[in-house]
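A.B. asks: Test case, fold it:
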Amino acid sequence: MRCSLAIAVVLSAASGCVMHDPVPMWPGSGMVVYDNPSLVPAADHEVVWETIVDVIDDDFEIDREVPVRQYGDVLTEGRLDTRPLVGSTILEPWLDDAVTVHEKIEGTLQSIRRQAVVRVIPAQGGQWIEVVVLKELEDTAQPLRASAGSATFSYDNSLVRVVAPITEIQVHRGWIPQGRDAALEQRILAKIHARLCGAGCLRRQ
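C.D. replies: Numbers count the residues shown, from 1 in each chain. Here you go, the predicted structure:
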């Protein structure tokens, strides 16, 4: 076990050169952070939607698309949902779902998965884009190679319930919610902004 952990740490250090920063860094400035939701000053809602789909498709498998549509003078809200994606490990440095080294190591030592929801809300002067990435930890019946018998009865009577009603994502059996992955949300927003309007959309904090 110690040998495996040592190998994991060494590989994570070696793969650090190919992993990206959590959010973009610009010369002479601090860390760039985007508002979430953030306003993109782009009038063409079809271009915005296609850009979002292209960016999300880099890290996730899209499950459902409800693009922004125009009915007369009214633009409807768009929404994109992805399928849950099992997190990459330090042996997969080319995958960007785990933004930091810590996230890579966490995904190597235990089963993590992520699911994204993107909302596009038309507004005057542009469109608001909200990116929500939820993390879940696998709830195994028992640790691997555990000595406890598999026939042990479970006394867990907890109910499966919705913990994030705003995003309308239901908690799945066998997975424990771990909150939002803010670093991956920022990376996705950075890609969207860079493709639609470059550095002109940046909001620095």
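A.B. asks: Show me where the chain has its strands.
C.D. replies: Per DSSP state E, the chain carries strands over the ranges 38-40, 62-66, 70-71, 74-75, 78-82, 85-86, 112-123, 126-138, 175-180.
A.B. asks: neighbours of residue 70, just the number please.
C.D. replies: 11 (other Cβ atoms under 10 Å). Glycine gets a C-beta too; all of them are placed from N, C-alpha and C.
A.B. asks: try residue 65
C.D. replies: By other Cβ under 10 Å, the burial measure for residue 65, its neighbour count, is 14.
A.B. asks: And for residue 54?
C.D. replies: Neighbour number of residue 54 under other Cβ under 10 Å is 12.
A.B. asks: start the count at 680, not 1, going forward
C.D. replies: From this message on, residue numbering opens at 680, which makes the last subject residue 733.
A.B. asks: Next up, the contacts around it.
C.D. replies: Neighbour list for residue 733: residue 874 [criterion: Cβ atoms under 8 Å, 6 or more residues apart in numbering].
A.B. asks: possible to save the strands of the chain as a markdown table with distance to residue 871 and mean pLDDT?
C.D. replies: Below are those laid out as a markdown table (distance: least, Cβ to Cβ, whole Å; pLDDT from 0 to 100):
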| stretch | distance to residue 871 | mean pLDDT |
| --- | --- | --- |
| strand 717-719 | 7 | 91 |
| strand 741-745 | 15 | 95 |
| strand 749-750 | 21 | 88 |
| strand 753-754 | 18 | 88 |
| strand 757-761 | 12 | 96 |
| strand 764-765 | 18 | 88 |
| strand 791-802 | 9 | 93 |
| strand 805-817 | 6 | 92 |
| strand 854-859 | 17 | 89 |
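A.B. asks: tilt between the longest helix seen in the chain and strand 791-802?
C.D. replies: Assignment by DSSP state H gives helix 861-876 as the longest helix of the chain. Counting by axes from the mean of the first three to the mean of the last three Cα atoms, to 10 degrees, helix 861-876 points 40 degrees away from the direction of strand 791-802.
A.B. asks: buried ones in helix 861-876?
C.D. replies: Buried residues in helix 861-876, counted by 16 or more other Cβ atoms under 10 Å: 862-872, 874-875.
A.B. asks: one step back: can you list the strands of the chain in TSV and add distance to residue 728?
C.D. replies: Below are these laid out as TSV (distance: least, Cβ to Cβ, whole Å):
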stretch	distance to residue 728
strand 717-719	11
strand 741-745	8
strand 749-750	12
strand 753-754	11
strand 757-761	6
strand 764-765	21
strand 791-802	7
strand 805-817	9
strand 854-859	23
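A.B. asks: And those: which comes nearest residue 784?
C.D. replies: strand 791-802 (10.6 Å; Cβ to Cβ).
A.B. asks: orientation of that closest one relative to strand 854-859 in degrees?
C.D. replies: 50 degrees.
A.B. asks: buried ones in strand 791-802?
C.D. replies: 791-801.
A.B. asks: shaky segments in the chain?
C.D. replies: Applying pLDDT under 70 to the chain flags the ranges 680-710, 819-852, 877-884.
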